[in-house]
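mind folding the following:
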Amino acid sequence: MHEELNTEAKKKFEEIDLFFHPKSIALFGAGKISPLTVSNIILSNMLAEGYTGSIYLVDIKPQQDIIKGLKVYSSISKVPDQIDLGLVIVPAAVVPSVIEECIDANLKGIIIITAGFNESKLYDEVGVQIQQKIDKIVKKSDLRIVGPNCNGVYSQDCSLNATLGPRIILPPGNFSLVTRGGTAGIILSVAAAKQNLGINKYIGIGDESDLKLQDFLKYYENDQSTKIMGAYSEGIKNPRSFHETLKVIKKPLVIFKSGETKSGAQAAISHVGAIAGQFTSKIAEGFFHQLRVVKANSVEELIDFVNALSIAPLPKGKRLAIWTPGGSMGVIMTDNLEKEGLIIPSLTQNQLEMLNKILKVKYWSHNNPVDVTDSYNPQAMDKAAEILLEGENFNGLIVLFGFGVMEQADYMDLSFSNENKEIFQVFMQQQAKRFGRLIKKYQKPIFILADEQGLAAKIFQKEGIIVLPNFTRIARTFRLLHQQYLYSSSLKELDLK
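The predicted model follows:
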């Protein structure tokens, strides 16, 4: 936590911090033994993750007294411990009485997983009435609520995975995420796992009856474990408050906002009760740009950007060099870059002369993209990469050589022997180290075209090289990285002033 926070901000930080660092958790409605119940899925995830705190099960009518080795209590008042956090998984009609129990037991925070409240206002007035009852009860207390209609919380700091969904195994990371939709959180987590991107903290906030999206962004801004922030939302509650929050955020933040079409906005209302229509695509683009927030247009864009940002330097300009052994790949890459507003400059006379010396054939392209056809050799690639990266006319390099070809061996008749696979793996490791040295020397990103889940990705990403599986994603990720450079630079200027 930042020391310069005022008293009110510190209090808010500590209230939210409890959700990510609880010493004890009570699961309400956890007395069912079927493996497919919500409570069983969440409990299984918590146990498998190795949560470092204490877990207590509470259910007024449990099917068994002991579930997964844990005693089931009929009431929170009978639990022999002070509980920090409650996870509520009971029917909507029962939630108000559970909240009253939590207040009496001095709980400071609860996450309501249960659905059937304000999001059902288009077809069920009862849910709205229950929410109003909850609001009245909570107003008289210090209890803070996440949800309802959400999928839980994840925190690497205390090995906590109290989420509804498959347990996704993630490496350590400094990226923290908040989503309004629970399924979106799962999809984003899966996409992160595919790229070996660690998530430090995640919380699904659902209908935001109490704590809002902006509350968690403020928390992440002051959380020392979080270096990059991400958010997904279908609509914004209290846009003015949201605007004021984004104005003071300095850490990199990327937001994927859906519900930008007429039909999508209508779907958002019935999902989490979100008024998505206030932010159409063009309005959202301008809104986020004004506040120096990167806007992603898909799950892949958000994760591609965060993964690239976490391993590579930011490009200071929009100009790219392309190295390819195949002319058609260079043409496709060029089209995709220009569609994103990026620039493919010509080679300088000096670069032409130096490349002529190392390529030693007359029929290479003599322009950017640098199409070397069949004249490729590792030594030439290294020297050419340095020639291109040291030039002031380029801010990054894209290498379209087939590093990902080994991942295709299983479904292509490539007839690689095991010996050749090992040789190719050693070659990739050596090439990755050489590229890594160039990135550190020139502080410019290098992109590789290959499967983001394959062996090439594992080898190259360790050295700070961005690996993506298609031309479009490479182009969009570079554009977003440059956008982040502009935002970060403007923040530095403001700090200096």
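
now K462: how far from I423?
Separation of K462 from I423 (C-beta to C-beta, to the nearest Å) stands at 19 Å. C-beta: built from backbone N, CA, C; applies to glycine.

now K12
Taking C-beta to C-beta as the measure, K12 falls 57 Å from I423.

can you tell me how far G165 sits from S209?
Look at G165 and S209: by C-beta to C-beta, they are 21 Å apart.

same deal with I303?
Distance, I303 to S209, using C-beta to C-beta: 29 Å.

looking at those two, which is more packed in?
More crowded of I303 and S209, by other C-beta atoms under 10 Å: I303, with 28 against 21.

quick one: pLDDT of the more buried one?
The model reports I303 with a pLDDT of 98.

so it, which state does it fall into?
Taken by DSSP: H, G, I helix; E, B strand; the rest coil, the conformation at I303 corresponds to helix.

and the closest residue to it other than its chain neighbours, what element?
Nearest residue to I303 in three dimensions, chain neighbours excluded: A191, at 4.3 Å (C-beta to C-beta, 6 or more residues apart in numbering). Per DSSP states H and E, A191 falls inside helix 182-194.

helices of the stretch 51-200 of the chain, start to end?
Here the stretch 51-200 of the chain has its helices, by DSSP state H, counting those that start in this stretch, at 95-104, 125-139, 182-194.

what's around I113, how many residues?
I113: 28 neighbours (other C-beta under 10 Å).

er, G173 I mean
21.

verify the stated contact: it with Y202.
No: G173 is beyond contact range of Y202, at 10.5 Å (criterion: C-beta atoms under 8 Å).

what's the residue lying closest to I311 once chain neighbours are set aside in contact with, if anything?
Excluding its sequence neighbours, the residue lying closest to I311 (C-beta to C-beta, 6+ apart) is G464, at 4.8 Å. Going by C-beta atoms under 8 Å, 6 or more residues apart in numbering, G464 touches I311, A312, P313, G436, I439, K440.

and the residues you listed, which of them are buried?
Of the members of these, the ones counted as buried by neighbours, 16 or more other C-beta atoms under 10 Å, are I311, A312, P313, G436, I439.

now the residue nearest to the fourth one when sequence neighbours are not counted, what's its secondary structure?
What it means is G436. Nearest non-adjacent residue to G436, counting by C-beta to C-beta, 6+ apart: E463, 3.1 Å away. On the three-state scheme (three-state DSSP), E463 is labelled coil.

domain parsing of the chain, as residue ranges.
7-307, 313-488 (automatic domain parsing).

quick one on the thing from earlier: taking the buried ones among the contacts of G464 one by one, which sit in helices?
Secondary structure of the buried ones among the contacts of G464 is defined by DSSP state H; positions in helices are I311, G436, I439.

in JSON lines: these, plus pLDDT and distance to M381.
Formatted as JSON lines, those follow (pLDDT from 0 to 100; distance: C-beta to C-beta, whole Å):
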{"residue": "I311", "pLDDT": "98", "distance to M381": "21"}
{"residue": "G436", "pLDDT": "98", "distance to M381": "14"}
{"residue": "I439", "pLDDT": "98", "distance to M381": "15"}
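
so which of those residues is the closest to E392?
Taking C-beta to C-beta as the measure, E392 lies nearest I439 of those, at 16.9 Å.

the closest one and P315 touch, don't they?
No: I439 is beyond contact range of P315, at 11.3 Å (criterion: C-beta under 8 Å).

quick check: neighbours shared by the two?
Shared contacts of I439 and P315 (C-beta under 8 Å, 6+ apart): P445.

what's around L455, how many residues?
18.

also Y485?
Residues contacting Y485 under the criterion other C-beta under 10 Å number 17.

list the contacts of the residue nearest to it when sequence neighbours are not counted.
Nearest residue to Y485, sequence neighbours excluded (C-beta to C-beta, 6+ apart): L314, at 3.8 Å. Each residue near L314 by C-beta under 8 Å, 6+ apart is listed here: P445, L481, H482, Q484, Y485, S488.

repeat for T179
G185, L188, Y202, I203, G204, I205, A231, Y232, S233 are the contacts of T179 under C-beta under 8 Å, 6+ apart.

and these as TSV, adding pLDDT and secondary structure?
As requested, those are exported to TSV (pLDDT from 0 to 100; DSSP: H, G, I helix; E, B strand; the rest coil):
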residue	pLDDT	secondary structure
G185	97	helix
L188	98	helix
Y202	99	strand
I203	99	strand
G204	98	strand
I205	97	coil
A231	98	strand
Y232	97	strand
S233	94	strand
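
most surrounded residue in those?
I205 (31 neighbours).

CA-only coordinates of stretch 287-295, as CSV, when you get a sec.
Provided in CSV are the C-alpha atoms of stretch 287-295 (Å, rounded to 0.1, in the frame of the first residue of the first chain):
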residue,chain,number,x,y,z
PHE,A,287,-13.3,8.1,-23.6
PHE,A,288,-10.4,5.7,-22.9
HIS,A,289,-8.0,7.5,-25.1
GLN,A,290,-8.6,10.8,-23.3
LEU,A,291,-7.7,9.0,-20.0
ARG,A,292,-4.6,7.2,-21.3
VAL,A,293,-6.2,3.8,-21.1
VAL,A,294,-5.6,1.1,-23.7
LYS,A,295,-8.8,-0.3,-25.2
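
report the buried residues of that stretch.
Those would be F287, F288, L291, R292, V293, V294, K295, for stretch 287-295 by 16+ other C-beta under 10 Å.

give me the distance between that stretch and the centre of its chain.
17 Å (C-alpha atoms, centre = their mean, to the nearest Å).

who's in contact with it?
With C-beta under 8 Å, 6+ apart, stretch 287-295 has contacts from 243, 246-247, 249, 252-257, 279, 284-285, 305, 480, 483-484, 487, 490-491.

which of these are buried? Put it as a ChimeraX command.
Typed into ChimeraX, the line below selects the buried ones among these, using 16+ other C-beta under 10 Å:
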select :246,249,252,253,254,255,256,257,279,284,305,480,483,484,487
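
any weak-confidence spans in the stretch 301-450 of the chain?
The stretch 301-450 of the chain contains residues with pLDDT under 70 at 375-376, 404-419.

got a list of what K318 touches?
By C-beta under 8 Å, 6+ apart, the neighbours of K318 are G341, L342, I343, N395, R479, H482.

and whichever strand or helix holds the last one, how far from the chain's centre?
I take that to be H482. Assigned by DSSP H and E, H482 falls within helix 471-496. Centroid separation for helix 471-496 versus its chain: 17 Å, with C-alpha atoms, centre = their mean.

just checking, what packs against it?
Judged by 3 or more C-beta pairs under 8 Å, 6 or more residues apart in numbering; DSSP states H and E, the packing partners of helix 471-496 are strand 294-296, helix 299-311, helix 327-339, strand 396-399, strand 446-449, strand 466-468.

report the angle between the axes of it and helix 299-311?
50 degrees (axes from the mean of the first three to the mean of the last three C-alpha atoms, to 10 degrees).

report the buried residues of helix 471-496.
471-485, 487.

re earlier: for the contacts of K318, which one is nearest L57?
R479 (49.0 Å).

need the contact list for the closest residue to the closest one other than its chain neighbours.
In space, R479 comes closest to E340 once its chain neighbours are excluded; the distance is 4.4 Å by C-beta to C-beta, 6+ apart. Shown in contact with E340 (C-beta under 8 Å, 6+ apart): A475, R476, F478, R479.
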